[in-house]
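Q: Sharing a model that was predicted from the sequence below.
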2 protein chains.
Amino acid sequence: MPRALRADAERSTARILEAADRLLRGNPEATLEQIADAAGVARSTVHRRFASRAALLAALTSLVNDRLREVVARARPETAPPLVALHQLTDVALTLKVDWRFAVDLTGDGTTEDSTLDPAVLTGLTTAFSRACEEGLIRPDLDTDWVLRIYFALMHEAAVRPGGEDAHTRAQDVLDVFLHGVGPR
Amino acid sequence: MPRALRADAERSTARILEAADRLLRGNPEATLEQIADAAGVARSTVHRRFASRAALLAALTSLVNDRLREVVARARPETAPPLVALHQLTDVALTLKVDWRFAVDLTGDGTTEDSTLDPAVLTGLTTAFSRACEEGLIRPDLDTDWVLRIYFALMHEAAVRPGGEDAHTRAQDVLDVFLHGVGPR
DNA sequence: CTTAACTGCGACATGCGTGTAGCGTTTCTG
DNA sequence: CAGAAACGCTACACGCATGTCGCAGTTAAG
């Protein structure tokens, strides 16, 4: 556990992470030098903060996992009414995904084997779904994995979609299509 | 226009393209040597058939565009009943996407700027959608781009989804969720 | 069967991204 | 203000994927 970073170092780290996500979402093979330039620092600084490219990606992953844990905790998927929890979850998660698209994609959708998404986040989401299922919001005959995939896919498209709509509107569009798509007939 | 390839050369080309898609879908940065090994040929043979890595990818793109043109033409999106056209389109396109996942993804979803998807394919699909809209299958207040994105996303998830379901079943699942998700209230 | 095409193999050149190190300068922190 | 921390810059080493070439052996085609 090294001592705390100096203020300017902390600033650099943040700028590097932001630039990394911004560039990598357009080109996953973007160079560390390109990232450094976009962040307004030298390449050596990137290497000073992150031992390797892999370490930089790991930092992005852990960053987004931290935020997602917060998001899920705040939505209270075990106690809140499923519809409310789902709305809250979708709303905030979408905001996060718009800002940290690459990092969120990097964690994987939880349906793949090599996912680095925090299991706690996934379980929170699945509890919200299963409770929504019990309340008749989701058809029980649908495969859980399939439902999860649909949700993640809609979230992704909503985040990628151009246009200045705010996250709240986008989230509403996602849940509208989702709940009718997987809802009762 | 060079003279026709010899039979074994044609075979090699096909094996390389198949191996390329199979490997690249798992790792887009897979080496030409890895591809060559998977195809059962030497790396030099890959370079003989495809001048560069870019040329190999271009070949995959054009291959999938050819097939997609066929698919769209066969579905007759301007004359056939929208629901029928949509089913046929989804069914065959999904089969294609399962076999050539990387290549199809490479063409882009048509909603992005750098898409290499044949415009003819895209227009065929959009006509099917607009006619479905006129028949009340799709809510007219939804953004065309958003609807298209949803469709592509569902297709993708259905193709990626593990499990031995045949393309027909998967296509039905896609259209089920899609038409209810974007259908009238 | 004879020719031309195709292939595998090995060698080589090249460019590029990554990672390391040192040094002088700037910028926080107490 | 003094010391430490962080930075920019430069240079270097290294690995690796790409692309090219030639040659000898194999295979399809007429």
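A: Happy to help now that I have it. Numbering: from 1, shown residues only, chains lettered A, B, ... in the order given.

Q: Contact partners for whatever residue of chain A ends up closest to chain B?
A: Scanning chain A for proximity to chain B using C-beta to the nearest C-beta identifies A:Gly181 as nearest, at 3.1 Å. From N, CA and C alone the C-beta is placed, and that goes for glycine too. Neighbouring residues of A:Gly181 by C-beta atoms under 8 Å, 6 or more residues apart in numbering or on different chains: A:Ile150, B:Val177, B:Phe178, B:His180, B:Gly181, B:Val182.

Q: May I ask which helix or strand encompasses the residue nearest to the third one when sequence neighbours are not counted?
A: The reference is to B:Phe178. Among residues not flanking B:Phe178 along the chain, B:Leu154 sits closest, at 5.5 Å (C-beta to C-beta, 6 or more residues apart in numbering or on different chains). Using DSSP states H and E, B:Leu154 sits within helix B:144-160.

Q: ok now do the residue nearest to A:Ala73 when sequence neighbours are not counted, which residues does it touch?
A: Spatial nearest neighbour of A:Ala73, excluding adjacent residues (C-beta to C-beta, 6+ apart): A:Gly124 at 7.7 Å. Under the criterion of C-beta under 8 Å, 6+ apart, the contact list for A:Gly124 reads A:Val72, A:Ala73, A:Ala75, A:Pro77, A:Leu89.

Q: And for A:Thr169?
A: So A:Thr169 contacts nothing (C-beta under 8 Å, 6+ apart).

Q: State the distance from it to A:Leu94.
A: 10 Å (C-beta to C-beta, to the nearest Å).

Q: what is in contact with these two at once?
A: What both A:Thr169 and A:Leu94 touch, as defined by C-beta under 8 Å, 6+ apart, is an empty set.

Q: and chain A, which residues reach DNA strand C?
A: A:Arg6, A:Ala7, A:Asp8, A:Thr31, A:Leu32, A:Glu33, A:Ser44, A:His47, A:Ala51, A:Ser52, A:Arg53, A:Ala54 (C-beta under 7 Å from any atom of the strand).

Q: Please report the distance of the fourth one from A:Arg15.
A: With distances defined as C-beta to C-beta, the gap from A:Thr31 to A:Arg15 amounts to 17 Å.

Q: more crowded one of those two?
A: The residue with more neighbours, out of A:Thr31 and A:Arg15, is A:Arg15; 17 against 12, by other C-beta atoms under 10 Å in any protein chain shown.

Q: any residues touching the helix or strand hosting A:Leu106, and which ones?
A: In this assignment (DSSP H and E), A:Leu106 forms part of helix A:101-107. Defining contact as C-beta under 8 Å, 6+ apart, one finds that helix A:101-107 is touched by A:20-22, A:24-25, A:28, A:57, A:60-61, A:63-65, A:68, A:96-97, A:115-118, A:156, A:159-160.

Q: Check the gap between the residue nearest to the spatial centre of chain A and A:Leu96 for me.
A: Central residue of chain A (C-alpha atoms, centre = their mean): A:Val104, 3.5 Å from the mean position. Distance, A:Val104 to A:Leu96, using C-beta to C-beta: 7 Å.

Q: between the contacts of A:Gly124, which is closest to DNA strand C?
A: A:Ala73 (30.2 Å; C-beta to the nearest atom of the strand).
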